[in-house]
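> dropping the sequence and predicted coords here.
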Amino acid sequence: MHSHIIKKMNTSLNDTVHYSLNINKQDYFLNNLIGKRIKINWRGKVICQCNKIMSKFYRSGFCYNCFWNSPLASQSIFKPELCTAHLDIEERDLEWEKEFQLAPHYVYLANSSGIKVGITRSSQGVIRWMDQGASQAIILAEVPNRRFSGDIEVSIKRHVSDKTNWRKMLSGEPKYIDLVKIKSELSNYVPDDLKKYILEDNTVTEIKYPVSEYPTKVKSLKLEKNDCIEGILKGIKGQYLLLDNNQVFNVRAHEGFIADISFEEEISQGSLF
Ligand SMILES: [Zn+2]
């Protein structure tokens, strides 16, 4: 039994993605738990990134104060095309925004449930794709700041989705897509002044997930509705644990929940990668 503040799972790219969960400073290698029972017991409390403990979040995983004041919850977090740090214009905290926004970013195309466009800090590239459960991904452009990636994304998402259909993503592997061809087609829609950032490298990253059985009809579990979640782990994809009886649990959507997590069999500590 481990009392624990839920954080997203750590991933590393291998033949199949390796997942681990850090609980009380110990890494647990989750791939080894497939076929075993897992239990998550919520204690009825959540903790905000500012350390405030409450019975529930105000909105989007934040307390009231952080939601309205923290740069982590500002509008440009959800809409990168609103970023202004590159113009020295503050939204909520210019210092923080410069650090976050003025770094190389990728615009990528991924196939998790069909084609989608997205952006990410370039240091996060493949992690972002694994978190979304993408099976294939290609970088379309590399730009020097977050705003430019938002501008390119806006021009591309008139033609393809910017969302993952998570139910579809969890129900199996998507149909193969020729990402190199689609990249070349969509590159025409990149605004002229940003075309110079289109990446010539057409490497496609292919990603496989440790799944022994996909759900036939996805039933999403939420701790707010069900404070004890239990089942046999059938696989892991994106940030979801796939349990028996078609149950799925989105780990990332429960970040900040204080819960006890237990496994059928304890696994030994230490680095397993
Ligand atoms: Zn807070």
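Nice, thanks for sending it over.

> now the stretch 101-250 of the chain against the ion: closest residue?
For the stretch 101-250 of the chain, the residue closest to the ion is E224, as judged by Cβ to the ion, at 18.0 Å. Yep, even glycine has a C-beta here, placed from its N, CA and C like the rest.

> in a strand, that residue, correct?
No - E224 is assigned coil when assessed by DSSP: H, G, I helix; E, B strand; the rest coil, not a strand.

> ok, now how distant is the nearest residue to it once chain neighbours are set aside from the ion?
Take E224 and drop its neighbours on the chain: the residue closest to it by Cβ to Cβ, 6 or more residues apart in numbering is K56, 6.9 Å away. From K56 over to the ion the distance is 13 Å, taken as Cβ to the ion, to the nearest Å.

> SS state for K56?
Assignment for K56 (three-state DSSP): coil.

> so how many other residues sit close to it?
Residues near K56, counting by other Cβ atoms under 10 Å, number 11.

> and the pLDDT for it?
Note on K56: pLDDT of 95.

> got it, and F263?
86.

> give the contact list for it.
For F263, the contact set (Cβ atoms under 8 Å, 6 or more residues apart in numbering) comprises 28, 33, 36-39.

> CSV for those residues, including secondary structure?
Output for those, formatted as CSV (three-state DSSP):
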residue, secondary structure
Y28, strand
L33, helix
K36, coil
R37, strand
I38, strand
K39, strand
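
> among the residues you listed, which ones are buried?
28, 33, 38 (16 or more other Cβ atoms under 10 Å).

> run through the bridge partners of the residue nearest to the second one when sequence neighbours are not counted.
Computed as Cβ to Cβ, 6+ apart, the closest residue to L33 that is not its neighbour in sequence is L233, at 5.2 Å. L233 forms beta bridges with L243, as assigned by DSSP bridges.

> over to F29?
Beta-bridge partners of F29, as defined by DSSP bridges: S20.

> my guess is it contacts S20. True?
Yes - with contact defined as Cβ atoms under 8 Å, F29 and S20 form a contacting pair (5.3 Å).

> picking that back up, who are the contact partners of the residue nearest to L33?
L233 touches 30, 33-38, 241-243, counting by Cβ under 8 Å, 6+ apart.

> could you redo the last one with a cut-off of 7 Å?
Contact analysis of L233 by Cβ atoms under 7 Å, 6 or more residues apart in numbering lists 33-36, 38, 241, 243.
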